[in-house]
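J.: what follows is a predicted structure for the sequence shown.
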Amino acid sequence: MDHKFFAMISRMKYINRWALMRSTITENISEHSLETAFIAHALALIGNKRLGKSYNAERAALLAMYHDATEIITGDLPTPIKYYNRQIRSVYNEIEDNAERQMLSYLPEDLRSEYEPLFSRTEEEAELWRLVKAADKLSALIKCIEEKRMGNADFASAEKSTLELIKSLGCEEADIFLTEFIPSFDLTLDEQC
């Protein structure tokens with residue numbers, strides 16, 4: 001039997017983000033998920049090395065790789081629409097749940113239980129999902145900074161609101177990342193080298 005899970009996963013590169021924004025460089029969910037995985041891994045390591053946590057950094061990266069995979073089916077619904085009101089958010093959650101089940105159905109039955117936790121935010125991995133959420137927002141902030149550096153003022157308010165959102169998360173690991181790593185995104189390549 002043919003299983004289409006990975007054929008569907010490969011379509012992440014066709015789902016563009018920031019649909020309501022004029023971007024100088026398009027970003028797809030495949031690119032975003034990889035960047036989010038890098039950051040989630042770093043946040044877990046920061047927590048372990050500096051805050052006495054015992055996160056599984058590799059697991060955090062893996063969860064981040066799949067965090068937007070259902071958007072292959074749903075598309076990337078812009079944040080202002082997704083969070084417009086509770087009713088829309090509730091319906092969208094149901095749509096995401098259906099997309100998750102559909103994606104899992106594309107796997108052989110013996111592998112589904114292995115992939116299910118990569119899509120479902122379980123209580124056992126709540127702390128890792130908290131890091132993934134922070135990493136997701138940090139990736140969005142990086143996109144805003146990059147667009148601003150390219151002279152795109154359309155991302156100015158998105159940058160401000162994303163930064164405020166990150167700070168409101170109360171995630172020490174993200175606060176450290178903001179302080180130590182985000183400033184270098186304002187540097188040119190020559191300044192970075």
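T.: Thanks, I have it. Residues are numbered from 1 along each chain as shown.
J.: every contact and neighbour count from this point should use C-alpha atoms.
T.: OK.
J.: so where's the chain uncertain?
T.: The model of the chain has pLDDT under 70 over residues 1, 78, 80.
J.: rerun that using 80 as the cut-off
T.: 1, 76-84, 92 (pLDDT under 80).
J.: residues in contact with the most centrally placed residue in the chain?
T.: Per CA atoms, centre = their mean, the C-alpha nearest to the average position across the chain is that of residue 136, at 3.2 Å. Contact partners of residue 136, counting by CA atoms under 8 Å, 6 or more residues apart in numbering, are 36, 64.
J.: next one: the one 10 residues further on
T.: Taking CA under 8 Å, 6+ apart as the contact definition, residue 146 lies against 185-186.
J.: residue contacts, residue 122?
T.: By CA under 8 Å, 6+ apart, the contact list for residue 122 is empty.
J.: at 10 Å instead, please
T.: 116, 128-129 (CA atoms under 10 Å, 6 or more residues apart in numbering).
J.: out of these, who has the most neighbours?
T.: Neighbour tally across the contacts of residue 122 (other CA atoms under 10 Å): the maximum, 25 neighbours, falls on residue 128.
J.: with adjacent residues omitted, what lies nearest to that one?
T.: What sits nearest to residue 128 in space, not counting adjacent residues and going by CA to CA, 6 or more residues apart in numbering, is residue 60, at 5.5 Å.
J.: my read: the one you found touches residue 47, true?
T.: No - between residue 60 and residue 47 there is no contact under CA atoms under 10 Å: 11.7 Å.
J.: need the overlap of contacts for those two.
T.: Residues touching both residue 60 and residue 47 by CA under 10 Å, 6+ apart: 41, 131.
J.: higher neighbour count, the two?
T.: Neighbour comparison, residue 60 and residue 47: the larger count goes to residue 60, with 29 against 21 (by other CA under 10 Å).
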